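Engineer: sequence plus the predicted model coming up.
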Amino acid sequence: MKLQLHHALPRRLDGESAVLWSQDHRHLAEKPPVGKDAMRYVIAFDVSCDRRRYRVVKVLKEYAVRVQKSVFEARDLERSAYLRLRSKLEGLIDPTTDSLRYYPLCAACLGRVEHFGAQPGLLEPEESFKVI
């Protein structure tokens, strides 16, 4: 069963207001804290070939959660995991026609990210819900 709450007003992702959450990706959010060099990343891509795009998405799903069609959020990636991910992704694309963007988010920046609408990602704090 999917649990999804919808809110009509924009809210900050630092826990100041109610949170959207889908149980589909809860397992990724419950990973234990990692080393101090771990960062959160937003990864966006533009890949022209369907086959390459499929492969890029497949790799990204190993590390992150899809929040928009071409945007993924990765939580608490150690530097080594981040470099592995980049290496895998950059080996799949054609740099003459495709592009990848990596946006690291520090703790201070994370508190200033805003989201409006459905489909939250891992950047939102988790809240527990019970269905009665």
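Structural biologist: Structure received.

Engineer: residue 64 contacts residue 74, correct?
Structural biologist: Yes. Using CB atoms under 8 Å as the test, residue 64 is close enough to residue 74 to be in contact (3.8 Å). Using the backbone N, CA and C atoms, a C-beta is placed for each residue, glycine as well.

Engineer: settle it for me: which of those two has more neighbours?
Structural biologist: With other CB atoms under 10 Å as the criterion, residue 64 and residue 74 differ in neighbour count, and residue 74 comes out ahead with 26 against 23.

Engineer: wait, that one touches residue 62, no?
Structural biologist: No. Contact criterion CB under 8 Å: residue 74 and residue 62 do not qualify, at 9.9 Å.

Engineer: quickly list what's touching both of the two.
Structural biologist: Shared between the contact lists of residue 74 and residue 62 (criterion: CB atoms under 8 Å, 6 or more residues apart in numbering) there are no residues.

Engineer: okay, the helix or strand residue 55 falls within in PDB with CA atoms only?
Structural biologist: Assigning secondary structure by DSSP states H and E places residue 55 in helix 50-63. Taking Å, rounded to 0.1, in the frame of the first residue of the first chain, the C-alpha atoms of helix 50-63 are listed here in PDB:
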ATOM      1  CA  ASP A  50      16.600   6.200 -25.400                       C
ATOM      2  CA  ARG A  51      19.000   3.200 -24.800                       C
ATOM      3  CA  ARG A  52      21.600   5.400 -23.100                       C
ATOM      4  CA  ARG A  53      18.900   7.200 -21.100                       C
ATOM      5  CA  TYR A  54      17.600   3.800 -19.900                       C
ATOM      6  CA  ARG A  55      21.100   2.800 -18.800                       C
ATOM      7  CA  VAL A  56      21.700   6.100 -17.000                       C
ATOM      8  CA  VAL A  57      18.400   5.800 -15.100                       C
ATOM      9  CA  LYS A  58      19.200   2.200 -14.200                       C
ATOM     10  CA  VAL A  59      22.500   3.200 -12.600                       C
ATOM     11  CA  LEU A  60      21.000   6.200 -10.900                       C
ATOM     12  CA  LYS A  61      18.300   4.000  -9.300                       C
ATOM     13  CA  GLU A  62      21.100   2.100  -7.500                       C
ATOM     14  CA  TYR A  63      22.200   5.300  -5.700                       C
END
